[in-house]
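Undergrad: no sequence on hand, only this structure:
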């Protein structure tokens, strides 16, 4: 079912971007980078990628919401200006479904989710996602590792989040199968890359050398990645 709204101002005002975030506790974040990183170094990197993600998307034409896992006090202290909601569910699919369903039920016409693993994701990608959701039910930006870096909905479709191969290389492939089986109207954006291993960190250095995350890598981690 397609949705059409001739008021671009009202559509933009009703768009919301949720950022899935964890409390950066050593040993619980960026574990795929250990080794070569120590757990505390991985946690410091995660703090940087989260900070950059929230800076990048704050103050835009859409609302920004943190969906947090861990102690709320951490997010209240470090990001007091941003609305925050707990992640609810026993697995990633349940948590994402709950977040998107809740945002749409609150009256937003377009809702999208990202993580903090793509700190240099261009603002244009999110803007394109919200534009796509003016005419489609679902929008997805694939990740280089076979998953996706963004998923958005204007109409909630629970099957997209049920019994999916989370954290596996065939997630996007299975998602496309479900979209076809359910006959869901969707759009695919250009792909981007998460930073999950040493090689992807080095590629971010080349791709976005002026980013906050790239600066952190050069100053604190470069010697460990070569």
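TA: Received, thanks. Remember, predicted model here, so these are calculated numbers, not experimental data.
Undergrad: what ranges does the chain have for its strands?
TA: 15-22, 63-69, 84-86, 110-114, 138-142, 148-153, 186-188 (DSSP state E).
Undergrad: does anything pack onto the biggest helix by length in the chain? Which helices or strands?
TA: The longest helix of the chain (DSSP state H) is helix 39-57. Under the contact definition 3 or more CB pairs under 8 Å, 6 or more residues apart in numbering; DSSP states H and E, helix 39-57 sits against strand 15-22, strand 63-69, helix 123-132, helix 212-216. C-beta: built from backbone N, CA, C; applies to glycine.
Undergrad: quick check: which of the ones you listed is buried the most?
TA: strand 15-22 (a mean of 23; mean count of other CB atoms under 10 Å).
Undergrad: pLDDT of it, averaged?
TA: Within the predicted structure, the mean pLDDT of strand 15-22 is 98.
Undergrad: likewise stretch 180-200?
TA: What stretch 180-200 shows for mean pLDDT is 95.
Undergrad: how far off centre is it?
TA: Relative to its chain's centre, stretch 180-200 lies at 11 Å (CA atoms, centre = their mean, to the nearest Å).
Undergrad: returning to what we had before: now the helices and strands packed on helix 39-57 as JSON lines including distance to residue 94?
TA: Listed next are the helices and strands packed on helix 39-57 as JSON lines, based on distance: least, CB to CB, whole Å:
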{"stretch": "strand 15-22", "distance to residue 94": "13"}
{"stretch": "strand 63-69", "distance to residue 94": "12"}
{"stretch": "helix 123-132", "distance to residue 94": "22"}
{"stretch": "helix 212-216", "distance to residue 94": "29"}
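Undergrad: wait, residue 172 sits on residue 145?
TA: No - applying CB atoms under 8 Å, one finds residue 172 not in contact with residue 145, separated by 9.1 Å.
Undergrad: from residue 158, how far out is residue 57?
TA: 26 Å (CB to CB, to the nearest Å).
Undergrad: of these two, who's got more company?
TA: residue 57 (17 against 12; other CB atoms under 10 Å).
Undergrad: can you tell me which residues contact that one?
TA: 17, 19, 64, 123, 126 (CB atoms under 8 Å, 6 or more residues apart in numbering).
Undergrad: identify the farthest-apart pair in the residues you listed.
TA: Farthest-apart pair in the contacts of residue 57 is 19 and 123; separation 13.5 Å (CB to CB).
Undergrad: residue 183: neighbour count?
TA: Using other CB under 10 Å, residue 183 has 6 other residues around it.
Undergrad: so what's residue 45 closest to, chain neighbours aside?
TA: In space, and not counting its chain neighbours, residue 45 is closest to residue 30: 5.8 Å by CB to CB, 6 or more residues apart in numbering.
Undergrad: where does pLDDT dip in the chain?
TA: 1-13, 226 (pLDDT under 70).
Undergrad: one step back: now the residue nearest to residue 45: how far from residue 124?
TA: 26 Å.
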